[in-house]
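>>> whatever this is, show me its structure:
(chains A and B)
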Amino acid sequence: MSSLTFTFLGKPYSLRALATFCVILSIAGCSSMGFTELFSDYAEQLRNARTAQLKGDFKTAAAMIVEPKTNQNNYTLNLLEKARLHYLANDWEQSRQDFALVSKVLDEEANKAKLRVSKGISNVAALVSSDNVITYQVPTYEQTMLHSYQALNYLFLGKLESALVEVRRANLVQENALKQNQQALLSEQTSFDNNSLKQAYPSMSAMIGDIKNGFQNAYTFYLSAILYEAASQPNDAYIDYKRALEIYPNNHYLQQDVLRLASKLKMKDDLALFTSQFGAYQSSDIAGGGELVIIVENGAINPKQEVRINLPIYSRVNQPRLFSLALPVYTGALTSYPPLQINVRGQNYSSEQIVRLQSLASKQLQEQMPGLVTRQAMRLAAKEQLRSSMSKQGGEIGNILAVLYNATSEQADTRSWLTLPDEVQILRLTLPAGKQQIDVRVGGKTQSIEVEIRPNRIGLLNMTTIGSFQGHKFTSL
Amino acid sequence: MKKLLLLSVVGLSISLLAGCANKTVVSYGDAQAVETTDINFGSTDLQTIAKQMTESLIQSPVVGTMTTHSRPIVFVDSIKNKTSEHIDTESLSDSISTQLLRSGKFRFVDMDKVNAVREQIDYQNESGLVNPDKALQFGKQVGAEYMLYGNLASIVKTSSDKSDVYYKFTMRLMDLESGLVEWADETEIRKTSSKKLVGW
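Numbers count the residues shown, from 1 in each chain, chains lettered A, B, ... in the order given. Take a look at the predicted model:
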């Protein structure tokens, strides 16, 4: 033992014990995480901003988000929250800038070395505190939404070509995720019993529904398809409509889009196949008319909750020991939103779901659970060692301090992009050209919205319903 | 525990050192030097494309006959960006038109400045401040005979250890009266980057 000692509450401590505490406390400094972030969960930090968002006060909500700085571990996450709120507040330029910063970080991350010293350091820090000190990793579904919103920002700024760049990036993200997913499934190795995890960890099947993976986002494909159509690239549009249809085979609008383009592009085999599945294509074109696409965003995605479960973990001596783990989980069931309804020329249209972000988020969490538990197990072992050595050196007080520290710092990583909508629905119809009022029924209220339809063009109406707020934005593609 | 502690302390010191050593160094470099900061579209790609396209256009026999007795008037349409990056294609078309102008074989009209020109001529004729004898007249401008336009497309592939990007730039010169494409060429660029095994 070191001869250098100091005293605290009348007890002598070694310099090493002091160093341990300094390291722990200065984790806040080195990985730039606030003290509050170390001991409180993310949903709690975002509570005020979310309340403001639910009231439709987006500017105030954006001001409540922690000012993003490059050295924060939540830098990208804070930017995403801010950018989404700016988008809702119709501040497209600010939103574009914030999303662009996130894209830049993601690009840099993708090109960095495979084994990184800085990652090792934050993992060591995570070993003695919690996963919250690790730099936030933007999951695939959030990346696809980032590019989708960025595409919308460019559209509202009148730049179709840049919007197309964003949808291509969104497609790249999904392709890479598909590749990585296959590799990850092959190389899955865990140090714990997968079955006991399954038994102890709450099932999120009510939230996941029947989706197959946590990254394929039909909304992104749909958005890119309408953009390609607007840019007179029907072939590219057709491919993306088909991809969206693969994910949502029962969506009537997607079925009609695929049928329409298959007949326009004279895809004989495809047309025969789709006709047998969905019926013959009936053109709803109006001479000199244009189209209106409505994208309805409903609700706000749920925050992750913390759950504590007991799991047998094999330590170094290979004796399974029961440990209490703090893990993130999505609880509850999916909210169902009434569709948006429009009555035009005596015909009723109602919107249909194109993505359920809550399900994507839950599925994604389920997929990363084995990795999370492995890291958690290592952390518990490290903390247990910290406790035993502190109790040896510092007696009762050392023990109490270590137990207190371990208990309060053991926090599940509940970070996720919380200002995202819960689900997105679409509706598409043909309208005669010119300025007109359409009566939209959404959430029990009827709203009259003015749209300007240009001949043979697509008008895009983005409606948002969150809490008590209802708003819309319109642009012509 | 000892190991862990040592690791934490070492790690902390390294990260603190890295945070403090934050000096900015500014220096001048060669504008034509090969730039390989990252795999994205960069200055070298822009210069290569502009150079190859201009050379190909000037050396083409069809353009040779076209420019022996006159200097054809060309307007540059925007270059379509079909890649998955935000690229300033205006800068690319600027480089190409500047180099073509420098060759002395072509003349250009600038469609971006039509409104500014109209405002100026309006002012000269209608404000009453300019001597009417010296004011520029409407309807004296010369129209373009040819249109220069292009596409920039890319294919991007990434795996866990390397990324590959392929750019293809296509450019065409169209006779506006007959609608015939008089000249076309393409440039290809391939860039590969492999990830380092260990890094910060």
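
>>> can you tell me how far A:Gln174 sits from A:Arg243?
For A:Gln174, the distance to A:Arg243 (Cβ to Cβ, to the nearest Å) stands at 9 Å. Every residue, glycine included, has its C-beta placed from N, CA and C.

>>> also A:Ala382?
Distance, A:Ala382 to A:Arg243, by Cβ to Cβ: 44 Å.

>>> ignoring the adjacent residues along the chain, who's closest to B:Ser159?
Spatial nearest neighbour of B:Ser159, chain neighbours left out: A:Lys179 (7.4 Å); criterion: Cβ to Cβ, 6 or more residues apart in numbering or on different chains.

>>> tell me which element that neighbour falls in.
Per DSSP states H and E: A:Lys179 is located in helix A:160-186.

>>> so which strand or helix has the residue nearest in space to the middle of chain B?
The residue lying closest to the centre of chain B (Cα atoms, centre = their mean) is B:Leu92, at 1.7 Å. Assessed by DSSP H and E, B:Leu92 sits inside helix B:89-103.

>>> how about the contacts made by A:Gly290?
Applying Cβ atoms under 8 Å, 6 or more residues apart in numbering or on different chains to A:Gly290 gives the contacts A:Thr430, A:Leu431, A:Ala433, A:Ile453, A:Arg454, A:Pro455, A:Asn456, A:Arg457, A:Ile458, A:Gly459.

>>> now do the same contact list for the third one.
It refers to A:Ala433. By Cβ under 8 Å, 6+ apart, A:Ala433 lies in contact with A:Gly288, A:Gly289, A:Gly290, A:Ile453, A:Arg454, A:Pro455.

>>> again, 6 Å this time
By Cβ atoms under 6 Å, 6 or more residues apart in numbering or on different chains, the residues touching A:Ala433 are A:Gly288, A:Gly289, A:Gly290, A:Ile453, A:Pro455.

>>> chain B versus that one, what's the distance?
27 Å (Cβ to the nearest Cβ, to the nearest Å).

>>> so B:Thr192 sits against B:Asp164, correct?
Yes. If you go by Cβ atoms under 6 Å, B:Thr192 and B:Asp164 touch, sitting 4.8 Å apart.

>>> between those two, who's got more neighbours?
Neighbours of B:Thr192 and B:Asp164, each counted by other Cβ atoms under 10 Å in any protein chain shown, are more numerous for B:Asp164; the result is 15 against 11.

>>> same question for the helix or strand that contains the more buried one, mean pLDDT?
Applying DSSP H and E as the criterion places B:Asp164 in strand B:162-175. Averaged across strand B:162-175, the pLDDT comes to 92.

>>> ok, now stretch B:58-69?
Mean predicted lDDT for stretch B:58-69 stands at 89.

>>> in that stretch, what counts as buried?
For stretch B:58-69, a neighbour-count test (16 or more other Cβ atoms under 10 Å in any protein chain shown) marks B:Ile58, B:Ser60, B:Val63, B:Met66, B:Thr67 as buried.

>>> and that stretch, how far from the chain's centre?
Centroid separation for stretch B:58-69 versus its chain: 24 Å, with Cα atoms, centre = their mean, to the nearest Å.

>>> need the contact list for B:Ala135.
Taking Cβ under 6 Å, 6+ apart, we find B:Ala135 in contact with B:Gln124, B:Asn125.

>>> check it and give its pLDDT.
Looking at B:Ala135, its pLDDT is 89.

>>> and if you look at A:His472?
Per the predicted model, pLDDT is 89 at A:His472.

>>> leaving aside the residues next to it on the chain, what's closest to the residue of the stretch 151-300 of chain A found nearest chain B?
Nearest to chain B, among the residues of the stretch 151-300 of chain A, is A:Arg168, at 3.9 Å (Cβ to the nearest Cβ). In this structure, A:Arg168 finds its nearest non-sequential neighbour in B:Ser84, 3.9 Å apart by Cβ to Cβ, 6+ apart.

>>> doesn't A:Ala170 make contact with that neighbour?
No. Using Cβ under 6 Å, B:Ser84 is not in contact with A:Ala170; the gap is 9.2 Å.

>>> of the two, who's got more company?
A direct count of neighbours by other Cβ under 10 Å for B:Ser84 and A:Ala170 places A:Ala170 higher, at 25 against 22.

>>> so who does the nearest residue to that one once chain neighbours are set aside touch?
Nearest non-adjacent residue to A:Ala170, counting by Cβ to Cβ, 6+ apart: A:His147, 3.6 Å away. A:His147 makes contact with A:Glu166, A:Arg169, A:Ala170 under the criterion Cβ under 6 Å, 6+ apart.

>>> again, only using 10 Å
Residues near A:His147 by Cβ atoms under 10 Å, 6 or more residues apart in numbering or on different chains: A:99, A:102-103, A:106, A:163, A:165-174, A:217, A:220, A:223-224, B:84.

>>> I'd like to know how many residues surround residue 77.
Unless you meant another one, I'm taking chain A. 25.

>>> let me rephrase: I mean chain B.
Counted with other Cβ under 10 Å, B:Asp77 comes out at 13.

>>> would you mark the buried spots in stretch A:153-173?
Using 16+ other Cβ under 10 Å as the test for burial, stretch A:153-173 gives A:153-156, A:159, A:161-173.

>>> stretch A:98-112 and chain B in contact?
Yes. Judged by Cβ under 10 Å from any Cβ of the partner chain, stretch A:98-112 and chain B are in contact via A:Ala100, A:Ser103, A:Asp107, A:Glu108, A:Ala110, A:Asn111, A:Lys112.

>>> so which of the residues you listed is the most crowded?
Highest neighbour count within the residues of stretch A:98-112 next to chain B, by other Cβ under 10 Å: A:Ser103, with 20 neighbours.

>>> tell me the pLDDT at that one?
For A:Ser103, the model assigns a pLDDT of 92.

>>> what angle do helix B:89-103 and the helix holding A:Lys179 make with each other?
Helix A:160-186 and helix B:89-103 meet at an angle of 120 degrees, taking axes from the mean of the first three to the mean of the last three Cα atoms, to 10 degrees as the criterion.

>>> so what secondary structure elements neighbour helix A:160-186?
Packing contacts for helix A:160-186, counted by 3 or more Cβ pairs under 10 Å, 6 or more residues apart in numbering or on different chains; DSSP states H and E, involve helix A:92-110, helix A:140-156, helix A:218-230, helix A:234-247, helix A:357-409, strand B:73-82, strand B:146-158.
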